[in-house]
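A.B. asks: coordinates only, sequence not included:
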């Protein structure tokens, strides 16, 4: 067939394609293949009808709401689908590992190999896949997403290859289970932002920034089925100003994502209705005595740690930048192997309940019956609780020792795990770690007040302490308050709202008082991502100003904008040096009156 | 005593006072009154120690956190105290009225007088007190607070006299009970903003705007004990941009307010621990079947009303502006009397459960047992439920008739009540009204599916429908999404999170699709308060542009700012005419190419 005829040469691409199709049809008509011809023409006819239908449906849809809203809904649904299928795949992979491990019972060496090589292989696979397809897919992704929202152009971080690398890598990381002890939230927010970027390319008239803010909310919402926490996350983490225009889309898309995610799990399991992800059954009549709030707050005396952990984490991330220059997969495999060696049941694993997955760890820590009362009558427990109880109470050890060792060991393991150059989130480990700290405090209180609290004869519920601890700890590390609400939305109970809120507020105050950057800010600073001036403290700024600017005081120009008490300091170059406090500036100007400074007050 | 001696004349005020004190002491020393002298000097000594202590305490406080944070905490605590004591006073006044009404049982005329004159007197008192002390204290106050946050200088609305007038007036209004059917939220947000303004005057270095945003969140939080909803309210209602700097203070102050408010009610009653304000006891195992979500959404087919009600309300507010020009107290008394006549038990009151207070109405509507199942066995009910049941099921009428009549009658009564020129909120009535609509749908479903839902044999919970209805209706009227969370925080249960969220989103979509201003926006427009361009719709704007500007096309200048897809249209005067959509503008410019238009693209 002479498809590329002379007629088609000087035409545009589209008309050429059309011409090709018509010439093909002509050729076919001329030929004797009548059957094929009629088949093809009917296919084309169906295609035309299909296009008509699509146009009609679009017209009908636009009648109800503008196309943007369908994009937001689609964003929520796609992200929820991704989240659900990721969870399902990970659960299947984890089950397979546990099944294999159980099958090899009695053969210690084979069990050891199964326990260590499985996560090592998965981590090596995750790293090599991530780095061979898109080297930008490693790490959390939240700092990068934040930089993109600030207006930085980073197309590599929003590419389709990054999406697939991150998706596949994250599945492998999560399938390594509690050995590697890494989470899903951060990369999932990044994944959601990537989907959002595609949606905004799809529907050109919608603003890209708006879609990305919405996507960040959707990420958290469809990760946990917690829409309002998603919206709060997008407000407090993703920028320094929030346009209320984005509020409704955020809420709508987050609700779509969260509801789809929960509905899918209703459809796939025998669950009868929409329930929370980590549903608890705390007593709602008397969840806690008012004086217990003081214990909740005291429990935060443990929170000198989060700042330090955060610092360690970010430093380890710095370390990892040097290590991953070569042989990333090998490094991943070795680190995962070493971690697995440590968490193997017959080495130190039975002290840290290593046979439980991340989900099981959190569920066991949030259980409402105190282990003190369980220890009196452990044989009567129903099935899942019994496994959890056995994991936390191995033969020869009490649960206090296990919890204590878990808390001590996991700091080191977490810092080592953070150096892994693969897509992984750091929120969930911190959340589980906080739950363990809270549980320890709760179990301690339950032990000392084992006869019930004097007047009310009510027993202490250590699950509530674990919930408050998780919210407080994750809030302190990330310098956010949304974990307080997230904890409630994840467990589907509001009964411990006040303790979770108080604990989160106090731990945030302690963490912020140290003037250390939050976890996200720390990574932004180390990775030299663009960030807003609030990240750099004023003290640093004054030093910068003194050292850099006043030595070249002729060229120094201060444009002073009376916004938010801070003044951005701009020397000749368009680089923003940082901000300066109003009172400090006044003092400074007072000291250096003779120097030429152009001051333009807006 | 020669206190004003020559030595004191040329000194500053402070040193003069000091000199006076010392001269007083000298004089006293010289005199023979040794006892008085030693007493006075010890008093002064104690005062000095006191001042030292205060300074020391301040130093210690500043060591832990900057003074701003104590201001925020104090703001929360003061507002919560106000809210609690207001609630207590109102409850006592309502009880007194109910007691008197019960005492007069058998004397219809006396009962009638008691029923009608009590609210009439209270409304007259509220109006006269409010208007004689500060005429700006009438109405909700949220639109004014919003205007102040936008930068408008309205000192009258933040004065101390306004605070007292509003506080006292609001107590009188609320004490009129469900006869007048007005709420507390709006004025309470205004009260909180006034307290915030005082706090910012007290602590000069804190920014006033910031304190007012925080105060608006505190207002909602300490009204219902719902901190997160307060923060969301301050984000979505109070402006078009939200500075994330305010987020932590908002959360902190709102948590302080909400916790203080709930702790006070623990201290004052025999309640054992902190509980939600309208605590429900929905089943958490199977709160609803997934398909019921469709009924929840269908229930919003009733939501063609909110827009209309909102319109009626705002128009009635307009009406009230004309009426209150003279004889405000008399008008209030007459309207309250007429409302009371209508809601008297022996006229129409027994059809609309008028003997229940607002709180009791909401509690009865949120009850989890369906009235259909109650009707089978009403005698076995415990005390509060029995009263509620009798109120909604008067002799000779079914609860469907009562609910239907309640919904029909309350629209009219609410519109009439809104014309009252006294401090009153309109959120709570709308919330209760929505709960009634939801309850009707729920009871209908419970009646038709009375055998339980096929597979699960679970009964329908009409309380959940009432909750979703309340959130949806109040969200639709105010064009906000925070009522969905507020409903959960008020009831202390997350089990109906998804229905409440879906219902609120759908009703908001329906309400916003009509392009009518929200309740707050409507009042802002009618009261000619300054507002942001988004309030005025583009369609109106195009008409305005066509009529007003193009007729004087020479003088027309368009400054186009590429912000948020809209272009503000400014003719010669500095008045902002409104905004114009980008595509519409392009079309317009295309049509009027020959006209002289200066276009400055920024």
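C.D. replies: Thanks, I have the structure now. All values reported here derive from a predicted model rather than from experimental measurement.

A.B. asks: what's the burial count for the closest residue in space to residue A:166 that isn't next to it in sequence?
C.D. replies: Once flanking residues are discounted, residue A:166 sits nearest to residue A:137: 4.3 Å by C-beta to C-beta, 6 or more residues apart in numbering or on different chains. (C-beta placed from N, C-alpha, C; glycine too.) Counted with other C-beta atoms under 10 Å in any protein chain shown, the neighbours of residue A:137 add up to 32.

A.B. asks: for residue A:403, same thing?
C.D. replies: Residue A:403 has 23 nearby residues by other C-beta under 10 Å.

A.B. asks: please report how far it lies from residue A:483.
C.D. replies: According to C-beta to C-beta, to the nearest Å, residue A:403 and residue A:483 sit 21 Å apart.

A.B. asks: tell me the contacts of residue A:468?
C.D. replies: By C-beta atoms under 8 Å, 6 or more residues apart in numbering or on different chains, the residues touching residue A:468 are A:296, A:299, A:438, A:487, A:496, A:499, A:500, A:502, A:503, A:504.

A.B. asks: just these that are near chain B?
C.D. replies: By C-beta under 8 Å from any C-beta of the partner chain, the members of those lying near chain B are residue A:502.

A.B. asks: close to chain B: what parts of the stretch 101-250 of chain A are there?
C.D. replies: Close to chain B, as judged by C-beta under 8 Å from any C-beta, the stretch 101-250 of chain A has residues A:207, A:227-228, A:231-232, A:235-236, A:239-245, A:247-248.

A.B. asks: swap that for the stretch 401-550 of chain A, please
C.D. replies: Proximity of the stretch 401-550 of chain A to chain B, by C-beta under 8 Å from any C-beta, involves residues A:456, A:481, A:485, A:488-489, A:492-495, A:497-498, A:501-502, A:505, A:508-509, A:513, A:534.

A.B. asks: what's the ChimeraX line that selects buried ones from those?
C.D. replies: What follows is the ChimeraX syntax selecting those of those that are buried according to 16 or more other C-beta atoms under 10 Å in any protein chain shown:
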select /A:481,485,488,489,492,493,494,495,497,498,501,502,505,508,509
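
A.B. asks: just the residues of the stretch 401-550 of chain A next to chain B: which are in helices?
C.D. replies: A:485, A:488, A:489, A:497, A:498, A:501, A:502, A:505, A:508, A:509, A:513 (DSSP state H).

A.B. asks: and the residues you listed, which two are furthest apart?
C.D. replies: A:489 and A:513 (27.9 Å; C-beta to C-beta).

A.B. asks: pipe the ones in helices among the residues of the stretch 401-550 of chain A next to chain B into JSON lines and attach pLDDT and distance to residue B:363 per row.
C.D. replies: Converted to JSON lines, these look like this (pLDDT from 0 to 100; distance: C-beta to C-beta, whole Å):
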{"residue": "A:485", "pLDDT": "94", "distance to residue B:363": "25"}
{"residue": "A:488", "pLDDT": "92", "distance to residue B:363": "23"}
{"residue": "A:489", "pLDDT": "92", "distance to residue B:363": "25"}
{"residue": "A:497", "pLDDT": "90", "distance to residue B:363": "20"}
{"residue": "A:498", "pLDDT": "90", "distance to residue B:363": "21"}
{"residue": "A:501", "pLDDT": "91", "distance to residue B:363": "25"}
{"residue": "A:502", "pLDDT": "90", "distance to residue B:363": "27"}
{"residue": "A:505", "pLDDT": "90", "distance to residue B:363": "30"}
{"residue": "A:508", "pLDDT": "87", "distance to residue B:363": "35"}
{"residue": "A:509", "pLDDT": "85", "distance to residue B:363": "36"}
{"residue": "A:513", "pLDDT": "77", "distance to residue B:363": "43"}
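
A.B. asks: so what's residue A:437 closest to, chain neighbours aside?
C.D. replies: residue A:469 (4.8 Å).

A.B. asks: surely the one you found meets residue A:432?
C.D. replies: No - counting by C-beta atoms under 8 Å, residue A:469 does not reach residue A:432; the two are 10.2 Å apart.

A.B. asks: so between the two, which is more surrounded?
C.D. replies: The residue with more neighbours, out of residue A:469 and residue A:432, is residue A:469; 33 against 24, by other C-beta under 10 Å.

A.B. asks: tell me which helix or strand that one sits in.
C.D. replies: helix A:462-478 (DSSP states H and E).

A.B. asks: from the middle of its chain, how far away would that helix be?
C.D. replies: 17 Å (C-alpha atoms, centre = their mean, to the nearest Å).

A.B. asks: same question for stretch A:379-394.
C.D. replies: 30 Å.

A.B. asks: residues contacting that stretch, please?
C.D. replies: Under C-beta under 8 Å, 6+ apart, the answer for stretch A:379-394 is A:350-351, A:353, A:355-356, A:360, A:363-364, A:367, A:369, A:371, A:374-375, A:378, A:399, A:402-403.

A.B. asks: give the PyMOL command for selecting the buried subset of those.
C.D. replies: Only the buried members of these enter the following PyMOL selection, criterion being 16+ other C-beta under 10 Å:
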select buried, chain A and resi 350+351+353+355+356+360+363+364+367+369+371+374+399+402+403
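
A.B. asks: among the contacts of stretch A:379-394, which are located in helices?
C.D. replies: Short answer: the contacts of stretch A:379-394 in helices (DSSP H) are A:360, A:363, A:364, A:371, A:374, A:375, A:399, A:402, A:403.

A.B. asks: for the closest residue to the second one other than its chain neighbours, helix, strand, or coil?
C.D. replies: The shortest distance from residue A:363 to any residue that is not its chain neighbour, by C-beta to C-beta, 6+ apart, is 6.0 Å, and that residue is residue A:278. In three-state terms, and counting by DSSP: H, G, I helix; E, B strand; the rest coil, residue A:278 is coil.

A.B. asks: closest one of the ones in helices among the contacts of stretch A:379-394 to residue B:183?
C.D. replies: residue A:363 (41.3 Å).

A.B. asks: run through chain A and note the low-pLDDT ranges.
C.D. replies: For chain A, applying pLDDT under 70 flags the ranges A:1-18, A:20-21, A:23-34, A:204-206, A:270, A:299-326, A:452-458, A:531-602.

A.B. asks: and the longest helix for it?
C.D. replies: Under DSSP H, chain A gives helix A:67-103 as its longest helix.

A.B. asks: for the most centrally placed residue in chain A, what are its contacts?
C.D. replies: By C-alpha atoms, centre = their mean, chain A has its centre lying nearest to residue A:185, at 1.9 Å. Neighbouring residues of residue A:185 by C-beta under 8 Å, 6+ apart: A:219, A:220, A:223, A:224, A:425, A:427, A:428.
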